[in-house]
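Student: using only what follows, build the 3D model:
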Amino acid sequence: MRLHFLAAGLAALALAACEVPREAAPPMSVQAAREPAPQLLETARFDLALASARPDAERLAADRDALAARAAALRARAGGLGAPVMPAPARARLKAGVATPPAIPEAAAPDDGEP
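Tutor: Numbering: from 1, shown residues only. This next block holds a predicted model:
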């Protein structure tokens with residue numbers, strides 16, 4: 001008998017814990033509360049949609065090898081395009097020029113007309 005009361009008490013606690021707290025429930029407008037509940041669809045409609053998509057899935061699976069080969073060819077081509085465009089000495093000279101601007105001697109500074 002005690003076991004039944006204990007089981008009933010645990011079931012009541014479990015059901016009480018399943019309720020969403022009021023603070024967590026999203027607010028519902030008056031208009032939305034007046035609307036009827038949405039009707040559920042039969043699962044046969046979903047089965048029909050999945051059955052009609054099966055040929056497309058099989059076609060894509062058949063093209064998988066061709067797509068993998070094409071992707072490998074594109075990766076190889078991209079690897080070849082990643083080679084340096086400029087020779088190393090020219091690149092070093094360009095970086096050195098960008099990193100340190102040329103110094104302008106005071107004698108070569110432009111004259112603004114003042115003595």
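
Student: only C-alpha atoms from now on, for both contacts and neighbour counts.
Tutor: OK.

Student: which residues sit against the single longest helix found in the chain?
Tutor: What stands out as the longest helix in the chain, according to DSSP state H, is helix 43-62. The contact list for helix 43-62, computed with CA atoms under 8 Å, 6 or more residues apart in numbering, is empty.

Student: quick check: mean pLDDT of that helix?
Tutor: Mean per-residue pLDDT for helix 43-62: 81.

Student: how far does it sit from its chain's centre?
Tutor: 26 Å (CA atoms, centre = their mean, to the nearest Å).

Student: also stretch 2-13?
Tutor: Worked out by CA atoms, centre = their mean, stretch 2-13 lies 47 Å from the chain centre.

Student: cool, stretch 56-67 as well?
Tutor: So, by CA atoms, centre = their mean, the centroid of stretch 56-67 is 24 Å from its chain's centroid.

Student: count of residues packed around Arg91?
Tutor: Arg91: 13 surrounding residues under other CA atoms under 10 Å.

Student: alright, calling it a day.
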